[in-house]
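Engineer: Prediction below, plus the sequence it came from.
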Amino acid sequence: MNIVRGLPSAPLAEFPVLTIGNFDGQHVGHRALIKAVVEQADRLKGSPMVLSFDPHPIEVLRPGTLPKFLSDAQEKYDFFEQLGIAELIILPFTLALASLTPDQFVQQVLYEGLGVRRLLVGENFVFGKGREGTIQDLVRLGRLTNFDVQPVTPVVLGKEVVSSTRIRQCLSAGNVVEGKECLGRPYRLANTVIEGEKRGRQLGWPTANLRIPTHRVLPADGIYATLVEIDGASVPSVTYIGKRPTFEDGERLLEVHIFDQMLHLYGRDISVSFIQQVRGDMTFQSVDDLLKQMAQDGAQARKILEKYKDRPLDLVATNKEHG
């Protein structure tokens, strides 16, 4: 896949088949849209392309905000490439770009800049200054500038449209199961293992501690059944997110206990896939009460993960496929 930053000096292909978006999370709706782009490009002997933006528009339109994302840039790139996108155009999102009217955006970016011949977007796609351009405007402007517009019906799960906003809400409520269904894979966080206070080891529950990336959406505080990917292998684990209120409020961390293994992970990168919440965060009156609950949490997490015992690498492969 070729990655181009900014508009190219000349159209990249004779018959660009394009979609537009930020694609945060690369959920099942995004997958359906990208697959449609690739299939139509194959049928029309065109070139499948994606137009995206950096930074995220909200960072420019609402300066000072700290948006939380479902994925990193590299995860997006891998997602597009694995599905067959040939060209990824990353347009710098600026106030000047945001001020373009729908007509100007189509003329300057889609027609003159990219030479689009077919455009696929969601039925509720909006664009241009003040987000005032609609799918009907795209159809009208496409006719004037020689490209077809094909609205794509959104994916619906449980009578609700799948969207990045819906997934953020699920994760923030601890509902990682619904988040997993919408994403088409478990939600995943990755970082480098840091040295902690070793309190877990003293209690008989050694943990690998990860700082939480400040730019990522975080599941609600609590205990989760998780799978950890280390060097291409996926291993069962139980993970705590929170500030450890039983001892003292401190930095919010991911604390991962890997079942039945003693691994030396300081300084290594690992990823944690969230399968199901075991319970929310709690404060305990004593260490004994905490230990009793931890034993119950561990047993419940093992039970949840039992179905993955014979196929952990299949889950890892699915994660990689979806980015």
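Structural biologist: Arrived safely, thanks for sending.

Engineer: I'd like the distance between the closest residue to residue 141 other than its chain neighbours and residue 21.
Structural biologist: Nearest residue to residue 141, sequence neighbours excluded (CB to CB, 6 or more residues apart in numbering): residue 106, at 4.3 Å. C-beta coordinates here come from the backbone N, C-alpha and C atoms, glycine included. Distance, residue 106 to residue 21, by CB to CB, to the nearest Å: 16 Å.

Engineer: More neighbours: the two, which one.
Structural biologist: residue 106 (25 against 16; other CB atoms under 10 Å).

Engineer: Let me know whether that one touches residue 140 as I believe.
Structural biologist: No - Residue 106 is not in contact with residue 140 according to CB atoms under 8 Å; the separation is 9.4 Å.

Engineer: residue ranges of the strands in the stretch 201-323 of the chain, please?
Structural biologist: Assigned by DSSP state E, counting those that start in this stretch, the stretch 201-323 of the chain shows strands spanning 208-211, 222-230, 233-242, 253-258, 269-280.

Engineer: so what strands line up beside the third one?
Structural biologist: This means strand 233-242. Counting by DSSP bridges, the strands paired with strand 233-242 are strand 222-230 (antiparallel), strand 253-258 (antiparallel).

Engineer: low pLDDT regions in the stretch 101-250 of the chain?
Structural biologist: Applying pLDDT under 70 to the stretch 101-250 of the chain flags the ranges 196-204, 245-250.

Engineer: which residues of it fall in helices?
Structural biologist: 102-105, 135-144, 164-172, 176-183, 199-202 (DSSP state H, counting those that start in this stretch).

Engineer: how about those in TSV, adding mean neighbour count?
Structural biologist: Shown next, in TSV, are these (neighbours: other CB atoms under 10 Å):
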stretch	mean neighbour count
helix 102-105	18
helix 135-144	16
helix 164-172	19
helix 176-183	21
helix 199-202	14
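
Engineer: Can you say which of those helices is nearest to residue 67?
Structural biologist: helix 164-172 (10.0 Å; CB to CB).

Engineer: Tell me how many other residues crowd the nearest residue to residue 55 once chain neighbours are set aside.
Structural biologist: Leaving aside its chain neighbours, residue 55 sits nearest to residue 93 (5.9 Å; criterion: CB to CB, 6+ apart). Residue 93 has 19 neighbours, counted by other CB under 10 Å.

Engineer: Likewise for residue 214?
Structural biologist: Residue 214 has 8 nearby residues by other CB under 10 Å.

Engineer: Was I right to think it contacts residue 66?
Structural biologist: Yes - the criterion here is CB under 8 Å, and residue 214 meets it with residue 66 at 7.3 Å.

Engineer: quick one on the thing from earlier: how much space separates the residue nearest to residue 141 from residue 128?
Structural biologist: 8 Å.

Engineer: Next, the contact list for the closest residue to residue 183 other than its chain neighbours, please.
Structural biologist: Nearest non-adjacent residue to residue 183, counting by CB to CB, 6+ apart: residue 27, 5.0 Å away. For residue 27, the contacting residues are 70, 155, 162, 163, 164, 167, 182, 183, 184, by CB atoms under 8 Å, 6 or more residues apart in numbering.
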